[in-house]
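Trainee: please find the sequence and the predicted model below.
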Amino acid sequence: MSKPLIALVGTLDTKGREYQWVSDRLVGNGARVLVVDAGVGDPAGFEWPVDFTQHAVAERAGSTIEELRRRNDRGFAVATMAEGVAAVLAEQLAKDDLDGVFVLGGSGGTSIGARAVRDLPVGLPKLIVSTMVSGDVSPYVGASDVTLMYSVVDIAGINQISEAVLGNAAAAITAMAAARRVRQSEPDDDKRPLIGASMFGVTTPAVNAARARLEELGYEVLTFHATGPGGRALEALARSGFLAGVLDLTTTELADDLVGGVLSAGPDRLTAAGASGVPQVVSLGALDMVNFGPRGTVPAQFEGRLFYEHNASVTLMRTTASESEELGRRVGQKLASATSPTIVVIPRGGVSALDAEGQAFWDQKADTMLFEAVSSAVAGSSVEVIDDPANINDPDLARRAADQLHILITRGT
């Protein structure tokens with residue numbers, strides 16, 4: 001088996017010496033190294049081989065180093081070079097010769113590296129050693145399985161501290177890359193097809209019942225908690241090609257995106273499976289609620305609304321009829337534009353455990369507007385609508401949804 005290939009990505013105009021030190025360690029650990037220069041300054045004095053020069057990286061982003069220097073806009077240059085590096089890594093992945101990515105940097109290098117690895121598949125090792133990762137790291141992680149290591153000292157020369165930190169990092173990425181190469185060589189005949197499923201506390205019975213049925217049918221089910229990051233991770237996996245199908249019963253993050261709750265997964269939620277050709281069965285789970293933190297943190301603009309204190313840390317707010325109608329329209333429009341086989345399940349008995357007759361969020365008017373808006377938005381498209389009288393947590397409804405997803409998946413095989 002050949003040695004693993006690790007892409008070493010960074011700004012060689014400012015950190016050439018440090019990168020050369022890391023490269024030597026990677027080679028000493030038994031890896032092959034692909035050097036990608038993402039800097040825009042003059043790398044004079046840096047003479048060891050570079051596989052993708054800064055000129056090649058800029059060209060892959062539709063620009064030139066000369067143009068970036070002439071423009072003299074650091075933010076624009078960083079964004080451009082990040083796109084160029086992402087294109088280089090995609091090329092290597094297409095050649096099936098990329099086992100890991102190592103990034104070393106300050107704010108600019110970290111930003112470039114985070115964007116560059118964002119679209120790489122889950123399971124391909126991605127390690128960023130940075131001065132920026134001791135605080136809020138969400139902008140760098142996103143929905144990726146990137147590994148972050150704090151550099152402790154600034155990345156400016158090799159000293160006793162940086163030797164220890166960078167040496168550990170080089171050993172870690174080499175071991176991860178080698179393990180991936182072994183994993184990729186193993187037969188996958190016994191691996192079950194993967195299903196991505198979305199779940200929330202108030203839709204847990206539905207997803208548990210559906211998961212049990214899908215496992216009976218021979219699938220492995222990955223469950224994502226619909227808390228923002230969970231929805232983004234589900235979208236990322238749907239784009240990556242890992243999933244055979246998506247059972248998206250819990251689309252609640254769209255309510256937070258619309259109204260301003262704390263668990264939004266962004267406006268692109270509920271688009272990846274449809275755009276990637278992944279069969280999907282979707283429902284309207286927990287679209288009856290918007291999520292906030294403790295009751296005292298709810299914005300004053302929502303005073304007078306219907307709230308339910310789920311616990312001391314979570315406050316739920318009932319969506320109004322007009323909000324529900326808009327959510328239905330958005331869900332329907334996203335599904336109508338899908339290129340994949342798509343079914344939407346409308347649970348007439350309510351969309352969550354709280355949205356059931358006699359429960360705190362039971363509101364037939366709001367639900368009816370939600371359901372009718374979805375149906376209207378998908379009318380004339382290839383989306384199949386299943387109108388079910390049960391509550392979303394009815395185990396029979398959940399099993400029927402699982403069976404429908406199995407039919408969509410097997411229909412194309």
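Mentor: Structure received.
Trainee: all strands for the stretch 251-400 of the chain, in order.
Mentor: 280-282, 289-292, 307-311, 314-318, 342-347, 384-388 (DSSP state E, counting those that start in this stretch).
Trainee: hmm, who's touching the longest one?
Mentor: I take that to be strand 342-347. For strand 342-347, the external contacting residues (C-beta atoms under 8 Å, 6 or more residues apart in numbering) are 249, 274, 279-284, 331-332, 335, 371, 374-375, 378, 382-388, 390-392, 394, 397, 400-401, 404-405, 408. To be clear about C-beta, it is placed using only N, CA and C from the backbone, and glycine gets the same treatment.
Trainee: in which helix or strand does Ala244 reside?
Mentor: Per DSSP states H and E, Ala244 falls inside strand 243-248.
Trainee: for that strand, packing partners?
Mentor: Applying 3 or more C-beta pairs under 8 Å, 6 or more residues apart in numbering; DSSP states H and E, one finds that strand 243-248 makes contact with strand 194-199, helix 204-216, helix 229-240, helix 272-276, strand 280-282, helix 395-411.
Trainee: what do you get if the cut-off is 6 Å, keeping everything else the same?
Mentor: Applying 3 or more C-beta pairs under 6 Å, 6 or more residues apart in numbering; DSSP states H and E, we find strand 243-248 packed against strand 194-199, strand 280-282, helix 395-411.
Trainee: same list (these) but as a markdown table, adding mean pLDDT, distance to Arg183 and mean neighbour count.
Mentor: Below are these laid out as a markdown table (pLDDT from 0 to 100; distance: least, C-beta to C-beta, whole Å; neighbours: other C-beta atoms under 10 Å):
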| stretch | mean pLDDT | distance to Arg183 | mean neighbour count |
| --- | --- | --- | --- |
| strand 194-199 | 96 | 15 | 24 |
| strand 280-282 | 98 | 28 | 28 |
| helix 395-411 | 96 | 25 | 19 |
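Trainee: now the ones you listed as TSV including distance to Arg348?
Mentor: Formatted as TSV, the helices and strands packed on strand 243-248 follow (distance: least, C-beta to C-beta, whole Å):
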stretch	distance to Arg348
strand 194-199	20
strand 280-282	16
helix 395-411	10
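Trainee: helices along this protein, start to end?
Mentor: Secondary structure of the chain by DSSP state H: the helices cover 12-28, 54-60, 65-71, 74-94, 107-117, 138-141, 160-185, 204-216, 229-240, 253-259, 272-276, 321-336, 364-378, 395-411.
Trainee: angle of the last one against strand 342-347?
Mentor: Here helix 395-411 runs at 170 degrees with respect to strand 342-347, directions being taken by axes from the mean of the first three to the mean of the last three C-alpha atoms, to 10 degrees.
Trainee: packing partners of helix 395-411?
Mentor: By 3+ C-beta pairs under 6 Å, 6+ apart, helix 395-411 packs against helix 204-216, strand 243-248, strand 280-282.
Trainee: find the nearest non-adjacent residue to Val117, please.
Mentor: Lys126 (4.2 Å; C-beta to C-beta, 6 or more residues apart in numbering).
Trainee: got the contact list for the strand holding Ala244?
Mentor: Outside strand 243-248, the residues that touch it by C-beta atoms under 6 Å, 6 or more residues apart in numbering are 193-198, 210, 237-238, 273, 278-282, 405, 409.
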